[in-house]
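> The following comprises the amino acid sequence and a computationally predicted model.
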Amino acid sequence: MKPNILVVDDEPVARQSLSDILKLEGFAVTSAANGQAAVEYVRTHPVDVMIVDLRMPGMDGLEVVQVLNQLSPDTEVILLTAFGSTETAIQALRLRIHDYLLKPSSPAQVISSVKKALTHRAAKNQLRNVESEVVDEAMEIVTLKDGTEIDLSRRQIKHKTKVEHLTPAEGRLLRILIKNEGRVFSHRELVLLVQGYDTSQREAPEILRPLVSRLRHKLEQFPLLSEQVVSVRGTGYLYEGK
């Protein structure tokens, strides 16, 4: 099935131009002349990517995105505007808008942004499936050969008289690794799964490093568990198993 793109712009020429560019790339494209029409469309149709103009009469682009985040949080958003400002860019980041393009953008820029948005959406769905599988089994207590017990639901590790409690983020990280034994997760995947937002492959290790450091410090009391959480150089982390 072709990805469904929704173009929202009150300027007929801009709306038609964007639609034509995307249709030539093989996407299924629908257009809306205002924010209210876009919201009504999203209520009844799945949308993979929305390209929305910032300044429109009635509901402006940011207002549309706020409603969209409630109706269809999986839809990726590209904000298109002729009026760039720091304030708008900051607001766009708060709303987790995928991209922010200034008018006029070239066809190549628009197509590149849409393709990246679709890739990002697919990656989020894949990781959500992994997380769902983990959550389904989250009540299990994992027991290691030396008697160390890991209660993943309570975020608690015990061995004889030693007891350590994990923070929610530390617990999520350890749970994801343990429940996917032998799988190497990239730094970027783990940031998305544990922290809930996407980042670049370059920035992800820096974001993850403090969390991993705190977790490793707590795991030092449990040598067998500690040695099974392994760093894969230049890639990410895995859990090697019992």
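Perfect, thanks for sending it. Being a predicted model, the structure only gives us computed values, none of them experimental. Residues are numbered from 1 along each chain as shown.
> Name the helix or strand for Ile78, please.
Element membership for Ile78 (DSSP states H and E) is strand 76-81.
> ignore the last one, Ile150
Ile150 belongs to strand 149-151 when assigned by DSSP H and E.
> What strands flank that strand, and is each parallel or antiparallel?
Note on strand 149-151: by DSSP bridges, its sheet partners are strand 141-143 (antiparallel), strand 156-159 (antiparallel).
> Mind checking the pLDDT average for that strand?
Averaged across strand 149-151, pLDDT comes to 93.
> Need the contact partners of it.
Here strand 149-151 makes contact (CB atoms under 8 Å, 6 or more residues apart in numbering) with 141-144, 156-159, 174, 178, 225. No exception for glycine: its C-beta is placed from N, CA and C like everyone else's.
> Any of those buried? List them.
For the contacts of strand 149-151, a burial check counting by 16 or more other CB atoms under 10 Å picks out 142, 144, 157-159, 174, 178, 225.
> tell me the domain ranges of this structure?
If you go by automatic domain parsing, the domain ranges for the chain are 4-129, 137-239.
> What's the first helix or strand after the lowest-mean-pLDDT helix or strand in the chain?
Lowest by mean pLDDT, DSSP states H and E among the helices and strands of the chain is helix 86-94, with a mean of 58. Using DSSP H and E, the helix or strand that directly follows helix 86-94 along the chain is strand 99-102.
> how about the strands of the chain, start to end?
Taking DSSP state E to define them, one finds strands in the chain at 4-8, 28-32, 49-53, 76-81, 99-102, 141-143, 149-151, 156-159, 162-165, 185-186, 229-232, 236-239.
> Show the average pLDDT along the shortest one.
Which is strand 185-186. Rounded mean pLDDT across strand 185-186 is 89.
> Just checking the distance from it to the centre of its chain.
14 Å (CA atoms, centre = their mean, to the nearest Å).
> Next up, the contacts around Ser231.
Residues counted as contacts of Ser231 (CB under 8 Å, 6+ apart) are 212, 237.
> how many neighbours does the residue nearest to Val110 when sequence neighbours are not counted have?
The shortest distance from Val110 to any non-neighbouring residue, by CB to CB, 6 or more residues apart in numbering, is to Ile21 (5.9 Å). Residues contacting Ile21 under the criterion other CB atoms under 10 Å number 19.
> Next one: Ile21 from Ser113, what distance?
Distance, Ile21 to Ser113, by CB to CB, to the nearest Å: 11 Å.
> Quick one: the helices in the protein, in order.
For the chain, the helices defined by DSSP state H occupy 12-24, 35-44, 61-71, 86-94, 107-136, 168-178, 187-190, 204-219, 223-228.
> For Glu240, find the nearest of the ones you listed.
Evaluated over the helices of the chain, closeness to Glu240 peaks at helix 223-228, with 4.7 Å, by CB to CB.
> Pull out the buried residues from that closest one.
By 16+ other CB under 10 Å, the buried positions in helix 223-228 come out as 225, 228.
> So Lys103 is in contact with Ser17, correct?
No. Using CB atoms under 8 Å as the test, Lys103 is too far from Ser17 to be in contact (10.5 Å).
> Now Tyr41. Nearest residue, chain neighbours left out?
Closest residue to Tyr41 apart from its sequence neighbours, by CB to CB, 6+ apart: Ala32 at 5.8 Å.
> now swap in Leu211 and tell me
Per CB to CB, 6+ apart, closest to Leu211 is Ala169, 5.7 Å.
> Also Thr30?
The shortest distance from Thr30 to any non-neighbouring residue, by CB to CB, 6+ apart, is to Leu6 (5.3 Å).
> same deal with Ala82?
Lys103 (4.1 Å).
> what do you get for Lys158?
Leaving aside its sequence neighbours, Lys158 sits nearest to Glu149 (CB to CB, 6+ apart; 4.7 Å).
> For the one you found, name its beta-bridge partners.
Residues in beta-bridge contact with Glu149 (DSSP bridges): Thr143, Lys158.
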